[in-house]
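>>> sharing a sequence plus its predicted fold:
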Amino acid sequence: MSGNIVNENAPAPLPVHFTGTTGRGTADLAVPSQINSGSSLNEILVFARQDNASDVHLGALKPVIFRRFGKLKNVTAENLSAEQIEVLITAALPKDIVDRIKETGDAEYVHTVNGFGRYRMAMMKQRDGWDLTARLIPMDIPKFENTGMPASCANLTKWAQGMVLITGPAGCGKTTTLAALVELINQNRHDHIITIEEPIEIAYEPKQSQITQREINTHTLSQANALRAALREDPDILVVSELRDLATIQLAVSAAETGHLVFGTMNTVNAVQTISSVIDSFPAEEQSIVRNMISESLRGVICQQLIPKKDGTGMVPAYEILIITPPVANLIRSNKIPQINNTISTSRSMGMILMDNSLENLAKSNLITHREACERASNPVAMVQLLSNTTILKSRFHEISPNSAVILNDLIQYGVLEEASMTAVRLKPNVTLDEDFIRKIAKGDFDKIMNILQ
């Protein structure tokens, strides 16, 4: 018998080479005028950035696909074979990453292209062959005033200690929102910021603050290990890319209670669910104590969605903002968390807003369609009622169609619209927009008419 004992449960060793690049600097690749099945992975990625895509999908027996403004579109006419995708991956990525895919069936990696930034890559083996999805990481951190966040969110960066949570579904821009807040601190405070990420997406450049960035499985074995180590590194601010297990949440709450400002993200859809998820992650016998801890340490919750603009030119964020005030803290301590929504509704002057109110504002400002607002609302029926009262100027119809008088008359006659005034109409309450019916009325002007009605 061999004297060497192998512990199969031992964690994989960290890589020897652990430093990365920012993807900034002089480009060593020209943006191609088009891409095809023979394009390299880097050519596909830089073309996607030029095309304002958010994601690139490469799958066996499928064309190159981009996600642009929330929707997938085929970019190449021809499909890629499993062999072509394997060549794309093996030619562009480090050998240890390729070996990991071959050994485990999947891997994550941040790929950089000089002059064209960073790309978060998720690769896996699937039924038809290899598969790759690349998320384009913004090259520049947006200024706070350009994010659309209410001004009250900036105040969350001014605390000396406590916890701030940024939440929402995958792909909703949490990383960008978090980066904007961290950069606001970086520009205005003389602090030590430690980030714990999986993987590092946005590379910060220290300004007023000192910034230390650590990546799970590259610089440390786990979030919990990294948080414990961070507390011994004289931090002022801790940034955790995702709070997803009890050990991490416990350490984050403890750090917030012991004099640090902690920022973290979660995949929850609203403020009430976020607070409940944090508390419910603890054993039942500890939850009473945890409610007290959260009521004292939580500073605010920013929930968000990214929604395609009505004019098709991009995406716009909708926010739910909860600022922890004494009444909110009391609701948390008293286990009356569902009542927090009522407090948000009556506290707009303090910078709070419910997601449904944010969606309503975007729809009434003509930035998103009524359909998008209703589909994303927590109370779609109430949203339909709110938006049905929105008036539409008749002049908007006259501007787009020579047959506007006939179209308007038909839409009113058949119960889609009703007169609101001499110069305006509105959707009838509870009306469902039957696209086939409206197509018959609007004919060649269907797209323009639907754009107005939605």
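All right, it came through fine.
>>> which helix in the protein runs the most residues?
helix 174-188 (DSSP state H).
>>> quick one, helices of the stretch 151-300 of the chain?
152-155, 174-188, 223-230, 246-257, 271-280, 287-297 (DSSP state H, counting those that start in this stretch).
>>> so which of these gets nearest Arg49?
helix 174-188 (14.9 Å; Cβ to Cβ). Glycine gets a C-beta too; all of them are placed from N, C-alpha and C.
>>> what about the protein, any weak spots by pLDDT?
Scanning the chain for pLDDT under 70 picks out 1-12, 15-20.
>>> could you break it into its assigned domains?
Residue ranges for each domain of the chain read 41-136, 144-353, 389-453, as given by automatic domain parsing.
>>> would TSV of those with mean neighbour count and distance to Ser378 be doable?
Shown next, in TSV, are these (neighbours: other Cβ atoms under 10 Å; distance: least, Cβ to Cβ, whole Å):
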stretch	mean neighbour count	distance to Ser378
domain 41-136	17	20
domain 144-353	19	7
domain 389-453	15	18
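>>> need these in a markdown table with distance to Arg376, can you?
What follows is the domains of the chain, written out as a markdown table (distance: least, Cβ to Cβ, whole Å):
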| stretch | distance to Arg376 |
| --- | --- |
| domain 41-136 | 11 |
| domain 144-353 | 6 |
| domain 389-453 | 17 |
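>>> pull up the gap between Pro94 and Glu108, please.
13 Å (Cβ to Cβ, to the nearest Å).
>>> got the end-to-end distance for stretch 336-345?
16 Å (Cα to Cα, to the nearest Å).
>>> same question, stretch 65-74
The straight-line separation of the ends of stretch 65-74 (Cα to Cα) is 5 Å.
>>> please apply the same query to stretch 168-176.
One end of stretch 168-176 sits 12 Å from the other (Cα to Cα).
>>> from here on, count from 27
With the count now opening at 27, the last piece we talked about shows up as stretch 194-202.
>>> mind checking how far that stretch is from the chain centre?
In terms of Cα atoms, centre = their mean, to the nearest Å, the centre of stretch 194-202 is found 1 Å from the chain centre.
>>> same deal with stretch 460-468?
35 Å.
>>> CA atoms only for it, dumped as CSV, please.
Extracted in CSV, the C-alpha atoms of stretch 460-468 (Å, rounded to 0.1, in the frame of the first residue of the first chain):
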residue,chain,number,x,y,z
ASP,A,460,-55.3,42.4,-30.1
GLU,A,461,-52.4,42.8,-32.5
ASP,A,462,-54.1,41.0,-35.4
PHE,A,463,-57.2,43.2,-35.1
ILE,A,464,-55.2,46.4,-34.9
ARG,A,465,-53.1,45.3,-37.9
LYS,A,466,-56.3,45.1,-40.0
ILE,A,467,-57.1,48.7,-39.0
ALA,A,468,-53.7,50.3,-39.2
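>>> what does it contact?
The contact list for stretch 460-468 (Cβ atoms under 8 Å, 6 or more residues apart in numbering) reads Ser427, Ile433, Asp436, Leu437, Tyr440, Val442, Phe472, Lys474, Ile475, Met476, Leu479.
>>> for the stretch 27-176 of the chain, which segments count as strands?
Ranges of strands within the stretch 27-176 of the chain are 81-85, 91-94, 97-100, 132-139, 143-152, 155-162, based on DSSP state E, counting those that start in this stretch.
>>> which elements pack onto the third one?
So the one you mean is strand 97-100. Helices and strands touching strand 97-100, as assessed by 3 or more Cβ pairs under 8 Å, 6 or more residues apart in numbering; DSSP states H and E, comprise strand 91-94.
>>> now for the strand it packs on, which elements pack on it?
In terms of contacts (3+ Cβ pairs under 8 Å, 6+ apart), strand 91-94 is packed against strand 81-85, strand 97-100.
>>> what about that strand, distance to the chain center?
With Cα atoms, centre = their mean, you get 16 Å for strand 91-94.
>>> isn't Gly338 right up against Phe95?
Yes. Contact criterion Cβ atoms under 8 Å: Gly338 and Phe95 qualify, at 6.7 Å.
>>> what bridges to the residue nearest to Leu264 when sequence neighbours are not counted?
Spatial nearest neighbour of Leu264, excluding adjacent residues (Cβ to Cβ, 6 or more residues apart in numbering): Val288 at 4.8 Å. Residues in a beta bridge with Val288, per DSSP bridges, are Met189, Leu264.
>>> same thing with the one 4 residues further on?
Taking DSSP bridges as the rule, Met292 bridges to Thr193.
>>> gap between it and Leu191?
Relative to Leu191, and taking Cβ to Cβ, Met292 is found at 6 Å.
>>> can you pull the residues that touch both of these two?
Leu269, Thr300, Val304.
>>> contacts only, for the residue nearest to the second one when sequence neighbours are not counted.
Read it as Thr300. Counting by Cβ to Cβ, 6+ apart, Thr300 lies nearest to Thr294, which is 4.3 Å off, once chain neighbours are set aside. Shown in contact with Thr294 (Cβ under 8 Å, 6+ apart): Thr193, Gly194, Thr300, Ser303, Cys329.
>>> hmm, 7 Å instead?
Thr193, Thr300, Ser303 (Cβ atoms under 7 Å, 6 or more residues apart in numbering).
>>> what are the phi and psi angles of it?
phi -120, psi 160 (degrees, to the nearest 10).
>>> mind checking how far it is from Asp81?
Distance from Thr294 to Asp81, by Cβ to Cβ: 22 Å.
>>> reformat the helices of the stretch 177-326 of the chain as a markdown table; add distance to Pro406.
Shown next, in a markdown table, are the helices of the stretch 177-326 of the chain (distance: least, Cβ to Cβ, whole Å):
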| stretch | distance to Pro406 |
| --- | --- |
| helix 178-181 | 27 |
| helix 200-214 | 24 |
| helix 249-256 | 36 |
| helix 272-283 | 32 |
| helix 297-306 | 17 |
| helix 313-323 | 30 |
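>>> between those helices, which one is closest to Gly155.
helix 200-214 (29.3 Å).
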